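1. Mind folding the following:
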Amino acid sequence: MNTSYVYSATRLNTLGTELLSQTAIDRLLTAAPGAELSEALKETYLAPYVLQVQNEDVAEAIEATLVEAKKLIHRIAPVGDVFRVLWVQYDIHNLRVFAKATKATKSFDEVSAYTSNRGIYTAEYLFSHVEAGTLNRLQIDWQVAYDAALRHVEAGELDRVDGVFDELLFVTIKRTAQKHGDKFIAKYVSAVIDTYNVKAALRRLRLGSSAMQPEFVTGGTFAASELANADSVAAALENIFPSFFTSALESYSETGNTSELDAQIDDYLVSMTRSAATDMFTSASLVLYYLRARQAATNIRTIVVGRNSGMTTESIRANLRTAYVNS
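-> Predicted coordinates:
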């Protein structure tokens, strides 16, 4: 029996109980915009971060909580690099920002507000390798992909830029999962690929063959033939989580908007990880802690934006992610 995760799982399970609770959500939803809402935020787990950032900026405080969660997981995990599959999406996001900014010849300071430090590498460090043309020193295929993205930027083909980086993301997380051989991480990566393929299939069926690139990513549990039409997509989702995606699929069919589907995908990943985390001898509890921290951050962001923009409590509540909220 592998006991290497017992300490880290126990510690993070305890810390997870200190994240956003249902009581805190209700308090934030009833707080008036402005000073009262700011004070309510200081009664949540976000309090020390709000007080540390300039002008008590909520967005910066949220980012700080997630960067800290990343660092903590890396520090206490038996093998921290196993969890790079969670962080690399932010590196890819940063590369996307840098590539699209090159045409306007913007400096790092000018684009830093659009970047994240939740990646494997800090945004500034990654940018230094972009400028030097040495991304291959970080990951073997990143420089080639970045150069391809730059050619699309110069040609004004911004949709193809996204395709290059989306493909790079999946290549990187699959390679990372394979390198470390962690069973749960492999399962998690497979689930991420499945949900991407479902979204790509739905967009292709609605908008045409070039709606989303890459059109299909290998490494998931679905074959491309299982996502050939709307009925087969619904059947595939029903197979992995019965009845869970029904409302989101209906919403997408009616509106073409993926917001509800995106929320359901996030909740599905949390629920799947939560189920696996009952086994404290695996990496699942560590993944779950980050997903819970990210969900809490998303909920706070949704509430703050909603309250400050005059949305009704009912409308805000409908947009919250509730797959794992502390009682």
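
2. how many neighbours does the closest residue to Ala230 other than its chain neighbours have?
-> In this structure, Ala230 finds its nearest non-sequential neighbour in Leu205, 5.8 Å apart by C-beta to C-beta, 6 or more residues apart in numbering. C-beta here means a position set from N, CA and C on the backbone, and glycine is covered the same way. Counted with other C-beta atoms under 10 Å, the neighbours of Leu205 add up to 17.

3. Now do the contacts for Leu205.
-> For Leu205, the contact set (C-beta atoms under 8 Å, 6 or more residues apart in numbering) comprises Asn229, Ala230, Val233.

4. what's the pLDDT at it?
-> What the model reports for Leu205 is a pLDDT of 91.

5. swap in Val58?
-> Note on Val58: pLDDT of 89.

6. now swap in the one 5 residues further on and tell me
-> Confidence at Glu63, expressed as pLDDT, is 95.

7. Help me confirm that Leu95 comes into contact with Tyr146.
-> Yes - at 6.0 Å, Leu95 counts as touching Tyr146 under the criterion of C-beta atoms under 8 Å.

8. circling back to that earlier point, find the helix or strand that the residue nearest to Ala230 is a member of.
-> helix 183-207 (DSSP states H and E).

9. tell me the SS of the residue nearest to Glu63 when sequence neighbours are not counted?
-> Excluding the flanking residues, the one nearest Glu63 by C-beta to C-beta, 6+ apart is Ser116, at 6.7 Å. Judged by DSSP: H, G, I helix; E, B strand; the rest coil, the three-state class of Ser116 is coil.

10. try the one 4 residues further on
-> Using three-state DSSP as the criterion, the local structure at Ile120 reads coil.

11. What degree of burial does the spatially closest residue to it that is not a sequence neighbour show, as a neighbour count?
-> Nearest residue to Ile120, sequence neighbours excluded (C-beta to C-beta, 6+ apart): Trp87, at 4.9 Å. Applying other C-beta under 10 Å, we find 22 residues neighbouring Trp87.

12. any idea how far Trp87 is from Leu169?
-> 11 Å (C-beta to C-beta, to the nearest Å).

13. And for Phe98?
-> Counting by C-beta to C-beta, the gap from Phe98 to Leu169 is 15 Å.

14. same thing with Arg292?
-> For Arg292 relative to Leu169 (C-beta to C-beta), the value is 22 Å.

15. The residue nearest to Glu63 reaches Tyr90, doesn't it?
-> Yes - between Ser116 and Tyr90 there is a contact at 4.4 Å, judged by C-beta under 8 Å.
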